[in-house]
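1. Okay, predicted coordinates and the sequence, questions at the end:
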There are 2 protein chains.
Amino acid sequence: MNAEIISVGTELLLGGTVNTDTTLIARELSRLGINLLFTGTVGDNPERLEFTISQALSRSDLVITTGGLGPTGDDLTKEIIAKAAGKKLVFHEESFRRIEEFMGGREMPASERKQAYLPEGCTALKNNVGTAPGCAFRTDAGKIVMMFPGPPSELVPMLHDYGVPYLLGLENAVIVSENIHVFGIGESKVAEMISDLTEGANPTAATYAKRCEMFVRVTAKASTQKQAEQMCRPLVEKIKERLGDAVYSTQQESLEELVVAQLAARGLKLATAESCTGGLLAKRITDIPGSSDVFEMGAVTYANRIKTKVLGVPEEMLAEYGAVSEPVARAMAEGIRREAGSDLGIGITGIAGPGGGTPEKPVGLIYIALCDGEKTYVRCLPGGTRPRGRDYQRIYASSSALDMVRRWLSGLPVVP
Amino acid sequence: MNAEIISVGTELLLGGTVNTDTTLIARELSRLGINLLFTGTVGDNPERLEFTISQALSRSDLVITTGGLGPTGDDLTKEIIAKAAGKKLVFHEESFRRIEEFMGGREMPASERKQAYLPEGCTALKNNVGTAPGCAFRTDAGKIVMMFPGPPSELVPMLHDYGVPYLLGLENAVIVSENIHVFGIGESKVAEMISDLTEGANPTAATYAKRCEMFVRVTAKASTQKQAEQMCRPLVEKIKERLGDAVYSTQQESLEELVVAQLAARGLKLATAESCTGGLLAKRITDIPGSSDVFEMGAVTYANRIKTKVLGVPEEMLAEYGAVSEPVARAMAEGIRREAGSDLGIGITGIAGPGGGTPEKPVGLIYIALCDGEKTYVRCLPGGTRPRGRDYQRIYASSSALDMVRRWLSGLPVVP
């Protein structure tokens, strides 16, 4: 099946909004084994919209639109598709009731009512977070048309909960994906390591870069959930084996999610003392709902004076080795653990840049220490080569710290 | 002039890469007063690419492509455009030397050489960060064609340094933009407040939403920089007057940048004590290079025990009012200021959600206190209505805290 995506909305042509909808849908189509051949964007202009829709219906088997389903006069997608496909728009009782419900008793302007008109005989795609429903139908010429609202907050759940199942229903299939999350090996290196495992058509395996991380997605299509799962499993195991302990999870989406869950399961508490990462590590841990069970205290000790006062880092140590040094990272981890009364303490000190580097201590040099009360482990990120910017350094350092906790909790060598 | 953007690359159709190139170019075209009518993406397929290019050349005055300029056999954009426009590709000596230089003495594979062939008579657009040059030319039919490389790190500087000047050169014009950054009034409200000021064609004014903020961009086109600046100025002043003290800057891009610069200029230091924002405020401040001059200490005091131990918040106060309360926010701000020995102290406590809300203290209820040693100001974000997610609550609270500092520094009422 060949597909085409059309995004509708003048705002996309003005450059104020990045079109993430297309990427999200493209990703799902790729998982489903549907070939996406064209994508396009057109403004809220009836003639150009009609031209684009008609061209898509003539050359593609599946036409997906985003945007233009709202209540205003500019919102024309449904009207123009219905015209191009020779369908009438009819009042859809259930969608009307959902809009009423969503508006929570506020008076419904006539314009809102327009959203409850859908092409005759279509499958309505429910909108659980907004007013405009989506819809899907087959044209008389046998083409599939699907319409989604433009705001990603509405499109994403509708696509996952109703859009993908609709497409799978067309061929009585289900798909199952499993993500293998990796930290410490880059995407291109992983792609090389598993190149022979990424050639299959079903299940497929593909690599994806994330900021400072990557993951491999294994996807299988079958007629039952169980069968698809069984098809994924051996490939997932092979990839995990190949990548070894750089694989941190096939369940949790991020290192912080994994670490918070593992600490909670073991009833352990963690405290953080940050210099160059400036609170980013604490922020990432507290991004996770429920992190208060495992995290009671973080300190951002930017000044040397504060490292001494709050964490007890000796002034002489700071004078002798400098703030960016292994002994200071160690003393910070030990100090915050003592101060917070936690099981684990982390200390991070380094030069995030862009300024502050010297030949001996270049931008990117970062020491990360983990103290468990018996032993203190220190990892050094040497920096220097190809500085990748302050943001990158800070994210990479905070991820490395989380990875050290993950390794400690899993009984792996803490410093890889 | 009517424009069309075509992105070339199968990777964009697989959903692994968000197409930010199109957005960036769209934004520049909008600033230049060029109407963008269509954008599209097509894979590395000769027939579909040729169809798409020919259609664009037939209906648009300006056709801009991104991607497909690299050294591999898949990179076909130049070849197909040259064919469609009836131009030969010729060896471009200067581009060849730049590629050689960029490769720094490594041996140049034959494939790299391909990148130095450009349509005859074109203007080469230099690539200062990669190998593939871009180019621009006018077809015999009078259409303008511009080609840019796909990677944003190469496209962005080429677009700004050579692409925009090429377009301006076509009409002997320069453009100047000024951004008016606003916190505390939403984009749709601002659009309403200045609707009469956004109707002009030159200078233009347009509103843009940012996460938890917005800005208004004023753009003028003229034959000299000075003239364009003079055209912007009265409109900028009118908008600033209309929006009052919600405008925080026309120079700095973010509240944290502004606050760090203003504190540094006055020689003042700030310390932060965060509960629900979990280090995000400290992280945002330390995002700014040079923030160590104004920020020495932050504390993330998630547990009540730590609020008492580190900040001296009385146990009885926590018991009587609860951790999420005005007195506790106040005591946190005063405590961190004392502990850090800083000029200003900030305390934030609240319920970021998704769990933990009650009828009396709903999700989103957040208290933010600013202590200057003489007085402590407290702002309450009431929460409750339409919870917008943990991330949003945390960003909004940290922005509100920065805004309180900004207001204090500017002699405005600290709590608006």
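-> That came in fine, so what should we check first? Note that the structure is a prediction, hence the values are computed from the model and not measured.
2. got the domain boundaries for chain A?
-> By the record's domain assignment, chain A is partitioned as A:2-170, A:174-249, A:255-409 (automatic domain parsing).
3. Can you tell me which of those domains is most buried?
-> domain A:255-409 (a mean of 21; mean count of other CB atoms under 10 Å in any protein chain shown). (Each C-beta comes from the backbone N, C-alpha and C, glycine too.)
4. chain center to it: distance?
-> In terms of CA atoms, centre = their mean, to the nearest Å, the centre of domain A:255-409 is found 24 Å from the chain centre.
5. cool, and stretch A:79-94?
-> Per CA atoms, centre = their mean, the displacement of stretch A:79-94 from the mean C-alpha position of its chain is 35 Å.
6. Wondering if it reaches chain B at all.
-> No - for stretch A:79-94 and chain B, the contact criterion (CB under 8 Å from any CB of the partner chain) is not met; the two come no nearer than 15.4 Å.
7. Check stretch A:271-282 too.
-> Yes - using CB under 8 Å from any CB, we find that stretch A:271-282 touches chain B at A:272, A:274, A:277, A:278, A:279, A:280, A:281, A:282.
8. any chance of those residues in TSV, with pLDDT too?
-> What follows is those, written out as TSV (pLDDT from 0 to 100):
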residue	pLDDT
A:272	98
A:274	98
A:277	96
A:278	96
A:279	97
A:280	97
A:281	98
A:282	97
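9. among the residues you listed, which are in helices?
-> Secondary structure assignment by DSSP state H places A:280, A:281, A:282 of the residues of stretch A:271-282 next to chain B in helices.
10. Residue A:178 contacts residue A:232, correct?
-> Yes - distance between residue A:178 and residue A:232: 5.2 Å, which falls inside the contact criterion (CB atoms under 8 Å).
11. which neighbours do those two share?
-> Shared contacts of residue A:178 and residue A:232, defined by CB atoms under 8 Å, 6 or more residues apart in numbering or on different chains, are found at A:218, A:219.
12. which of the ones in helices among the residues of stretch A:271-282 next to chain B lies closest to residue B:354?
-> Each of those was checked against residue B:354 using CB to CB; the closest is residue A:282, at 19.4 Å.
13. Name all residues that make contact with the closest one.
-> The neighbourhood of residue A:282, defined by CB under 8 Å, 6+ apart, consists of A:272, A:274, A:295, A:298, A:300, B:278, B:279, B:282, B:283, B:300.
14. now swap in residue A:87 and tell me
-> So residue A:87 contacts A:81, A:119, A:120, A:121, A:122, A:137, A:139 (CB under 8 Å, 6+ apart).
15. mind redoing it with 6 Å?
-> Under the criterion of CB atoms under 6 Å, 6 or more residues apart in numbering or on different chains, the neighbours of residue A:87 are A:119, A:120.
16. Could you do residue A:221 as well?
-> A:173, A:175, A:202.
17. Out of those, the closest to residue B:320 would be?
-> For residue B:320, the closest of the contacts of residue A:221 turns out to be residue A:175, at 55.1 Å, with distances computed as CB to CB.
18. Would you tell me what helix or strand the closest residue to the closest one other than its chain neighbours is located in?
-> By the measure of CB to CB, 6 or more residues apart in numbering or on different chains, the closest residue to residue A:175 outside its immediate chain neighbours is residue A:221, 4.7 Å from it. In this structure, residue A:221 is located in strand A:213-222 according to DSSP states H and E.
19. swap in residue A:349?
-> In this structure, residue A:349 is located in strand A:344-350 according to DSSP H and E.
20. What lies in contact with that strand?
-> Outside of strand A:344-350, the residues within contact range by CB under 6 Å, 6+ apart are A:270-277, A:323-324, A:328-329, A:332-333, A:336-337, A:365-372, A:397, A:401.
21. Among those, which are located in strands?
-> Under the assignment DSSP state E, those contribute A:270, A:271, A:272, A:273, A:274, A:366, A:367, A:368, A:369, A:370, A:371 to strands.
22. Next one: the residue in the stretch 301-416 of chain A positioned nearest to chain B relative to residue A:323, how far apart?
-> Of all residues in the stretch 301-416 of chain A, residue A:303 sits closest to chain B, with a separation of 3.5 Å (CB to the nearest CB). With distances defined as CB to CB, to the nearest Å, the gap from residue A:303 to residue A:323 amounts to 9 Å.
23. can you pull out the strands in the stretch 1-150 of chain A?
-> Along the stretch 1-150 of chain A, counting by DSSP state E, counting those that start in this stretch, strands occupy A:2-8, A:35-42, A:62-66, A:89-91, A:117-119, A:123-125, A:134-138, A:144-148.
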